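K.L.:
here are the coordinates; sequence isn't available:
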DNA sequence: ATGAAAGCGCTAACAT
DNA sequence: ATGTTAGCGCTTTCAT
């Protein structure tokens, strides 16, 4: 692990910003009193407080982050690693999630620091290099981790370093996990989708999902199974598990239509659902009239495609809020582990389901 | 403008990270020498350097950001304001752009700090409050500004404060602008799209774009006009200007088909192009066979929709790189304004254009 | 080529 | 309720 060198660049030329000392002088108090006025206003006599605030106002004083960070050993920054975009895929969940997280963090006085896979200054750019750098340099207070589903080493690694973090996603295969997490109940979503189709009179409802090694996919699949069996409907021959691509969804649905003649499809993603729409279009069938289709993620694709794709929508705003709250708790009292939270998605009904 | 209070939260409990002093002691040199080893290795005798690096390595030393920031008056953070998501819209450009920017920044030793519209701690949460806060607290070194097209006050405001920033987007209506900017030549994109359709034998090619007050829209429109006139094709009755929604694109294309019988559409956005696809589907027409359609942005929608939407793709990776380079130049030599850069988009051909 | 001294702006701990 | 002291970890300046 090498050390990041400071880039040789002159400091930015600002008009010298006012400091605590400037405010103190102007208000006729000590620097500490100004600090208290900012951070513990209750400690000041109302009169003094007023005077200090006035000085702050007229001088346009804003505390210097670096100095505060140095002193308090906190940065008020939350690190988030951006996972690579999958082009050709419908999901826009990350985008919405980042937005929600920025908003939720702001409320808590945090900003979001984005980083990507490889750290620039490390000799050994393993998958955790980015985390390691930010952690050791105390650039962030904590992390939000998003891709726990791959059975990847993030959670274990972070726990080992005693790095504060919360996860969006269950620690599927890590029983030792002791971190706070928030997740969306995918099974509840696909179950609702299936129920919705059953209500509409469908009985032969097919599932197109991901390969078996995807916990996320199996979870979503279980919602379909549960709803079908709950209504004593058979699922045999109605499920297929493929890659998350449009082409796979297209092929799987074509085979399925020929072999099992379903009247409706529930898919593990909008991407797969788009594949189904391709098949229907190729056969001159109309989504929503001839065959019903439901996707997952309520991506922009679902929103703008003809005739409108019914889809399961994750409550990412709530997820972000819950994560930030968990993070605040974690940083306040590291010993107490916040309870995990499983949030319910909602079904956005559009013409593709009839 | 009020002052952000520090949230009352104990400092995170890490194992005390090694400091310069620790490394110095272990290597048997002064702290300053360690600092030099990190930032100016050329100053050290090779032998000393080696010894110090060894100590750094074994101790796992990484410079403390806050301390370095305080001392150097730089944060190595670039601020980016996330503009609100437009749901029901196809564009995913921001997502791709953020990714590209994270990546490009990393190469330059920066991280991206995301913030949203309103600052939390200000009494007067104007549109610039977020910028103001970050600027005054020296939380970021510079900004990347993305929505210059609205004739919004960002550029002027930032210039007035002498805040370092670069823009993605031309300063359309601000002649006084003196900041570096990078933009994509929208006209070149729509021109290429139109040429592509003309090559395919189309002569009645319609334009569906945005209202006249959108510089961006007028730029893209001009590419269509230029190509048409270049081939002595008439544009009269073939243009419409509407809002950027699927519904608008749908209506506009329906009217256009009835009134002017175009055989192809070039659109200012994928969202509008999706509207055209709606109209075609409703009339039993096939995109690419009966009527050609081209969108703009190469959004995920364009990539996954049936039968595949031809679209103009912005080189956002290059844009991000150019922006970061401009930023580096700006911070290194504020007096020299980097030349503006206009990058060429590319046309991604898919079945919707035949 | 290396070291010593000073200080960036802030807040924790203590004293008054 | 307010002030004083000290120091967070680093780099700049200057001396050696």
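P.N.:
In hand now; what should we look at? All values derive from a computational prediction rather than experimental measurement.

K.L.:
and the helices in chain A?
P.N.:
Taking DSSP state H to define them, one finds helices in chain A at A:20-27, A:31-39, A:46-59, A:65-72, A:93-107, A:129-136, A:154-160, A:186-199, A:215-230, A:246-260, A:270-282, A:300-304, A:316-332.

K.L.:
to residue B:18, which of these lies closest?
P.N.:
helix A:129-136 (9.0 Å; C-beta to C-beta). Where you see a C-beta, it was placed from the backbone N, CA and C, and this is true even at glycine.

K.L.:
make a markdown table from the helices of chain A and add mean pLDDT, mean neighbour count and distance to DNA strand C to it.
P.N.:
Shown next, in a markdown table, are the helices of chain A (pLDDT from 0 to 100; neighbours: other C-beta atoms under 10 Å in any protein chain shown; distance: least, C-beta to the nearest atom of the strand, whole Å):
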| stretch | mean pLDDT | mean neighbour count | distance to DNA strand C |
| --- | --- | --- | --- |
| helix A:20-27 | 92 | 19 | 3 |
| helix A:31-39 | 93 | 19 | 3 |
| helix A:46-59 | 92 | 16 | 10 |
| helix A:65-72 | 95 | 20 | 3 |
| helix A:93-107 | 91 | 22 | 19 |
| helix A:129-136 | 89 | 22 | 20 |
| helix A:154-160 | 86 | 17 | 25 |
| helix A:186-199 | 98 | 22 | 42 |
| helix A:215-230 | 96 | 20 | 41 |
| helix A:246-260 | 98 | 19 | 52 |
| helix A:270-282 | 97 | 27 | 46 |
| helix A:300-304 | 95 | 27 | 42 |
| helix A:316-332 | 95 | 21 | 14 |
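
K.L.:
distance of residue A:79 from residue B:17?
P.N.:
Separation of residue A:79 from residue B:17 (C-beta to C-beta, to the nearest Å) stands at 16 Å.

K.L.:
settle it for me: which of the two has more neighbours?
P.N.:
Neighbour count, other C-beta atoms under 10 Å in any protein chain shown: between residue A:79 and residue B:17, residue A:79 has more, with 24 against 17.

K.L.:
what sits against the closest residue to that one other than its chain neighbours?
P.N.:
Nearest non-adjacent residue to residue A:79, counting by C-beta to C-beta, 6 or more residues apart in numbering or on different chains: residue A:140, 3.8 Å away. Contacts of residue A:140 were listed using C-beta atoms under 8 Å, 6 or more residues apart in numbering or on different chains, and they are A:75, A:77-79, A:113, A:134.

K.L.:
could you identify the most distant pair in these?
P.N.:
A:78 and A:134 (10.4 Å).

K.L.:
can you pull the pLDDT of residue A:165?
P.N.:
With respect to pLDDT, residue A:165 scores 94.

K.L.:
give me the beta-bridge partners of it?
P.N.:
Using DSSP bridges, the bridge partners assigned to residue A:165 are residue A:143.

K.L.:
that one and residue A:141 touch, don't they?
P.N.:
No - Residue A:165 sits out of contact with residue A:141 when judged by C-beta atoms under 8 Å, with a separation of 10.1 Å.

K.L.:
ok, the closest residue to residue A:113 other than its chain neighbours - contacts?
P.N.:
Counting by C-beta to C-beta, 6+ apart, residue A:113 lies nearest to residue A:77, which is 4.6 Å off, once chain neighbours are set aside. Counting by C-beta under 8 Å, 6+ apart, residue A:77 touches A:110-113, A:139-141, B:113.

K.L.:
ok, residue A:165 next?
P.N.:
Contact partners of residue A:165, counting by C-beta under 8 Å, 6+ apart, are A:142-145, A:155, A:158, A:179.

K.L.:
give me the lowest-pLDDT entry from these.
P.N.:
Ranking the contacts of residue A:165 by pLDDT, residue A:155 lands last with 84.

K.L.:
count of neighbours near residue A:206?
P.N.:
27.

K.L.:
quick check: the nearest residue to residue A:92 once chain neighbours are set aside vs residue B:23, distance?
P.N.:
Distances taken as C-beta to C-beta, 6+ apart put residue A:299 closest to residue A:92, at 4.7 Å, once the chain neighbours are dropped. Counting by C-beta to C-beta, the gap from residue A:299 to residue B:23 is 49 Å.

K.L.:
list the buried residues of stretch A:328-347.
P.N.:
By neighbour count on 16 or more other C-beta atoms under 10 Å in any protein chain shown, the buried set for stretch A:328-347 is A:328-331, A:338, A:340-341, A:343, A:345, A:347.
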